Structure formats: C-alpha cells, structure tokens
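In: can't give you the sequence, but here's the structure:
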C-alpha cells in the first residue's frame, strides 16, 4: 500500500511541463516554446527556476488560439 496520495491532473491547480504535456497532448518542447514566447502570461507560475502552468488559465489561453 502506497502512502502517496496522487491528485488527478484535472483537479490540480498547477501542472509541471511534463504533466501539462500529457494533459493537453502538446509536446514538452512546444509548451516551453509557448512559455518563451509569452513570458509574462498569466498562466505561468515560477517556483524558483521551475515553471508551473496554471491549468485553468492555460485552458483559457488555448481556447483563444486557432493554431498552436
């Protein structure tokens, strides 16, 4: 029995690049490129030097795009 409680992606507030790639079905390199092109976007949260993606805000960003 594991002591680790795993929260499903769809319930998390922020996602790592790896988690976001799996959840949104977008490659990690493409996600890093989107973040590089939008450094002040409201869907990015920096934890030290680690990028976290605010799931709901990134969903809203994706909804506004016609091409990724």
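Out: Right, received. Where do you want to start? Everything quoted here is computed from the prediction, not taken from an experiment.
In: who touches residue 21 in this structure?
Out: Each residue near residue 21 by C-beta atoms under 8 Å, 6 or more residues apart in numbering is listed here: 27-28, 31. Using the backbone N, CA and C atoms, a C-beta is placed for each residue, glycine as well.
In: taking the centroid of the chain, which residue is nearest it?
Out: residue 53 (3.3 Å; C-alpha atoms, centre = their mean).
In: that one - that's part of a helix, no?
Out: No - under DSSP: H, G, I helix; E, B strand; the rest coil, residue 53 sits outside any helix and is assigned strand.
In: could you give the bridge partners of it?
Out: residue 15, residue 44 (DSSP bridges).
In: next, the distance between the ends of stretch 41-50.
Out: 15 Å (C-alpha to C-alpha, to the nearest Å).
In: can you list contacts of stretch 24-34?
Out: Contacts to stretch 24-34, defined as C-beta under 8 Å, 6+ apart, come from residues 17-18, 20-21, 51, 53, 58, 62, 68.
In: 6 Å instead?
Out: Stretch 24-34 has contacts (C-beta atoms under 6 Å, 6 or more residues apart in numbering) with 17, 20-21.
In: what comes up buried for that stretch?
Out: By neighbour count on 16 or more other C-beta atoms under 10 Å, the buried set for stretch 24-34 is 24, 26, 31, 34.
In: can you give the distance of the strand or helix carrying the third one from its chain's centre?
Out: Just to be clear, that refers to residue 31. Using DSSP states H and E, residue 31 sits within helix 28-37. Centroid displacement of helix 28-37 relative to its chain, using C-alpha atoms, centre = their mean, to the nearest Å, is 10 Å.
In: model confidence over that helix, on average?
Out: Helix 28-37 shows a mean pLDDT of 95.
In: for stretch 12-20, same thing?
Out: The average pLDDT within stretch 12-20 is 95.
In: buried residues of it, list them for me.
Out: Residues of stretch 12-20 classed as buried by neighbour count (16+ other C-beta under 10 Å): 12, 14-15, 17, 20.
In: closest to residue 6 out of the residues you listed?
Out: Within the set of those, residue 12 lies nearest residue 6; the separation is 10.1 Å, counting by C-beta to C-beta.
In: about what we covered before: mind putting the contacts of residue 21 in CSV, distance to residue 46 included?
Out: Below are the contacts of residue 21 laid out as CSV (distance: C-beta to C-beta, whole Å):
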residue, distance to residue 46
27, 21
28, 17
31, 15
